[in-house]
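Novice: Mind folding the following:
(one chain, ligands or ions: 3)
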Amino acid sequence: MASHIVGYPRMGPKRELKFALESFWDGKSSAEDLEKVATDLRASIWKQMSEAGIKYIPSNTFSYYDQVLDTTAMLGAVPDRYSWTGGEIGHSTYFSMARGNATVPAMEMTKWFDTNYHFIVPELGPETKFSYASHKAVSEYKEAKALGVDTVPVLVGPVSYLLLSKPAKGVEKSFSLLSLVGSILPIYKEVIAELKAAGASWIQFDEPTLVKDLDAHQLAAFTSAYTDLESSLSGLNVLIETYFADVPAESYKTLTSLSGVTAYGFDLVRGTKTLDLVKSVGFPSGKYLFAGVVDGRNIWADDLAASLSTLQSLEAVVGKDKLVVSTSCSLMHTAVDLVNETKLDSEIKSWLAFAAQKVVEVNALGKALAGQKDEAYFAANAAAQASRKSSPRVNNEEVQKAAAALKGSDHRRATTVSARLDAQQKKLNLPVLPTTTIGSFPQTMDLRRVRREYKAKKISEEEYVSAIKEEISKVVKIQEELDIDVLVHGEPERNDMVEYFGEQLSGFAFTANGWVQSYGSRCVKPPIIYGDVSRPNPMTVFWSKIAQSMTKRPMKGMLTGPVTILNWSFVRNDQPRFETCYQIALAIKKEVEDLEAGGIQVIQIDEAALREGLPLRKSEHAFYLDWAVHSFRITNCGVQDTTQIHTHMCYSNFNDIIHSIINMDADVITIENSRSDEKLLSVFREGVTYGAGIGPGVYDIHSPRIPSTEEIADRVNKMLAVLDTNILWVNPDCGLKTRKYAEVKPALTNMVSAAKLIRTQLASTK
Ligand SMILES: CN1c2c(nc(N)[nH]c2=O)NC[C@@H]1CNc1ccc(C(=O)N[C@@H](CCC(=O)N[C@@H](CCC(=O)N[C@@H](CCC(=O)O)C(=O)O)C(=O)O)C(=O)O)cc1
Ligand SMILES: N[C@@H](CCS)C(=O)O
Ligand SMILES: [Zn+2]
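Specialist: Numbering: from 1, shown residues only. Ligands and ions are numbered 1, 2, ... in the order given. Coordinates of the predicted model:
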């Protein structure tokens, strides 16, 4: 029985690619140095899969930055502003598109479906010229072949590529991206011809948009694209890979009717309904089913007995020789190798499988189906599954009871937001258009070193506390000098806004090397939620009280909300996500109450990831929003009217969920906005009644650019045209942790000047 891997992490087990990239970008190493690291990483991945016995090993899933950007490079679809003059796209043009350069900003980055990975959004218009400008897919295929590994080259499919693109500036309203299908297919045909000439016998097209709600026109694009490619593809086995959810029934029909396609890959972890479709509707005879039973989005060891039983039931439908065991999606969304986790305790470790271990699981399932079951391996797996189910570390009855008691009730603060804002204003006495920041201040090398040395026990607790206090005091002073109204402590004690809380909550484990790529060279280390969640001790109160003691101005307590902790962690798969979310909500509630008791009058509960956690299919939105918003309200429903609750959100595409946001019932919401002013403001223009405080970001923190006072004032004035003066706050888009002080100080100076300028104008027109 054959086995297949959809894709593999690129960063390397110790983030070798990250360090090579950053060193190259800093001019500290050459292109050859970078390429050598990349070549070695690819070789070791192919070797590992080949030695494990995987039959269908992917190539071209490596990337220097992003696979969608690689496709843009392959198609030569470089926006004019990068002044590319043709030929093979080199590092300079490629990284300029990804990161911008001294004169030109980067292309837009957005979330890859509902993952924490970001891709670079192609910008296409009627004027875009396409040409075959990156031979990466072919050269990687040849590179593997030279190492003795015959791989399956992977391409982002043409229809998903177009559906994930955005219309170039100026043609936003008038242009249909799918009209370009005829322009990009000739390039795909050139790539296919070269792959065939190089000896490829399989090709994989990733078409993940097939799991979304598609209309008839979009579905027709799949039929016409693959019909057009059919003759070029003849002689090749063609796999269309879908992932992240089930394929809707209508799309399943279209997909399985495509001619020229040999195989279909389905995510059977998040797409259990596809499993039902295969069984009830049927599967085209003679075609291969790549059954994604091993979860690529998580770190749990597979329940091999359960997967084997699923696979056996599929065998009966598609035939023994047509079933291929696979991962649910690319393994790039999970951690790399459990072998490097030397500090994780052995019981928890026995429950886990990272990418390297998942490759072994896929192969073991394939062999078991072929009658060569490794009994010892399966028995060890069954024992680990049983130990996880019954472990007292997983189950905490008290927490389960408290979480169960939450269901069915509303958990809402007793008074209206306007009454609360009045009560708070009496205490806080803020000016109109109060200024604030989102939480983090620049994370300098020194600060990272202090945290690292403390973790490694190279400095004492005393030295650590004193270094962090000094940093907080510096940040407080800067804000007072800038005359910001509501201060933050700068989050210097936090490695990451989710990992930091995970490290302090019970029911969480954390890794030493469990990095997952978030964008480019940036990685996150999601904590692992393995058991019922509780908060043994206060997590932020110590630092918040110290920070508040340094100033007379209000100091925001700074927490990450339950939905964001959930969405950015590896979550347990033995209970519904909402159960875990309610448990985290109760833990954060205790922290909120302790902050309030400690004299903190303004508490921000970040829900940066609430929007991105929205399910891919509309039919599931209402249920998610209901428990997500409820979880947020649980955290703060018990505070006094005079305690001001803020929340902050990134990715401001809120128009479709504005009523849920209002329903969160926060006193103030700060929103990332500066790249989409118009979008956000249009909601309010359309007459949505909004009475809480709101701070749409007035400048983009992702860019080193310093906004002028006039520019910020102009933005604020635009907002005042649709929002009441007494509810508007002035703040940047998001936290400042990735910026330098040389950028932050002038930008905030201009922000405060803009607020003061408009306050004066408002006072004179009264
Ligand atoms: C807001 N965002 C976040 C997301 N997800 C999260 N879980 N957290 C987020 O904040 N998703 C959406 C966005 C994504 N944005 C970012 C932005 C920046 C990063 C980033 O910079 N990541 C760092 C690692 C962060 C971290 O945990 N650092 C630790 C440890 C530092 C470390 O590993 N040091 C090295 C040595 C390096 C050195 O400085 O010498 C080591 O110890 O080996 C810390 O700061 O203490 C990154 O480097 O990629 C990610 C997502
Ligand atoms: N408080 C966090 C929010 C990031 S989304 C920060 O400022 O970094
Ligand atoms: Zn943010």
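Novice: all contacts plus neighbour counts: C-alpha atoms, from now on.
Specialist: Noted.
Novice: and residue 478, how many residues sit next to it?
Specialist: Residue 478 is flanked by 15 other residues according to other Cα atoms under 10 Å.
Novice: which element follows whatever helix or strand it lives in toward the C-terminus?
Specialist: Per DSSP states H and E, residue 478 falls inside helix 461-482. The helix or strand immediately downstream of helix 461-482 is helix 499-502, counting by DSSP H and E.
Novice: Which helix runs longest in this structure?
Specialist: Criterion DSSP state H: the longest helix present in the chain is helix 741-764.
Novice: Just the CA trace of that one, in CSV.
Specialist: The C-alpha trace of helix 741-764 is given here as CSV (Å, rounded to 0.1, in the frame of the first residue of the first chain):
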residue,chain,number,x,y,z
TYR,A,741,12.9,52.7,18.9
ALA,A,742,14.3,54.9,16.1
GLU,A,743,11.0,54.4,14.3
VAL,A,744,8.6,54.1,17.2
LYS,A,745,9.5,57.4,18.9
PRO,A,746,9.0,59.8,16.0
ALA,A,747,5.9,57.9,14.9
LEU,A,748,4.3,58.1,18.3
THR,A,749,5.4,61.8,18.6
ASN,A,750,3.4,62.5,15.4
MET,A,751,0.5,60.5,16.6
VAL,A,752,0.2,62.5,19.8
SER,A,753,0.6,65.8,17.9
ALA,A,754,-2.1,64.8,15.5
ALA,A,755,-4.5,64.0,18.4
LYS,A,756,-3.7,67.4,20.1
LEU,A,757,-4.1,69.2,16.8
ILE,A,758,-7.6,67.9,16.3
ARG,A,759,-8.5,68.4,20.0
THR,A,760,-7.6,72.1,19.5
GLN,A,761,-9.7,72.3,16.4
LEU,A,762,-12.6,70.6,18.1
ALA,A,763,-12.4,73.0,21.0
SER,A,764,-12.4,76.0,18.8
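Novice: For it, enumerate the helices and strands it packs against.
Specialist: helix 461-482, helix 709-720 (3 or more Cα pairs under 8 Å, 6 or more residues apart in numbering; DSSP states H and E).
Novice: quick one: buried residues of the longest one?
Specialist: Right, the one you point to is helix 461-482. For helix 461-482, a neighbour-count test (16 or more other Cα atoms under 10 Å) marks 464, 467, 468, 469, 471, 472, 473, 475, 476, 479, 480, 482 as buried.
Novice: Check the gap between residue 641 and residue 426 for me.
Specialist: 11 Å (Cα to Cα, to the nearest Å).
Novice: same check, this time on residue 363
Specialist: For residue 363, the distance to residue 426 - Cα to Cα - is 66 Å.
Novice: what about these two, which has more around it?
Specialist: Applying other Cα under 10 Å to residue 363 and residue 426 shows that residue 363 carries more neighbours, namely 23 against 10.
Novice: okay but that one is in contact with residue 53, surely?
Specialist: Yes. Residue 363 lies in contact with residue 53 (Cα atoms under 8 Å); the separation is 6.3 Å.
Novice: Mutual contacts of these two, please.
Specialist: Counting by Cα atoms under 8 Å, 6 or more residues apart in numbering, the shared contacts of residue 363 and residue 53 are residue 3.
Novice: Without its sequence neighbours, what residue ends up closest to the closest residue to ligand 2 within the stretch 51-200 of the chain?
Specialist: Nearest residue of the stretch 51-200 of the chain to ligand 2: residue 116, at 12.5 Å (Cα to the nearest ligand atom). Once flanking residues are discounted, residue 116 sits nearest to residue 518: 5.8 Å by Cα to Cα, 6 or more residues apart in numbering.
Novice: how about that neighbour, what does it touch?
Specialist: 116, 117, 118, 524.
Novice: Need the phi and psi values for it.
Specialist: phi -100, psi -50 (degrees, to the nearest 10).
Novice: And it, how far from residue 524?
Specialist: Counting by Cα to Cα, the gap from residue 518 to residue 524 is 6 Å.
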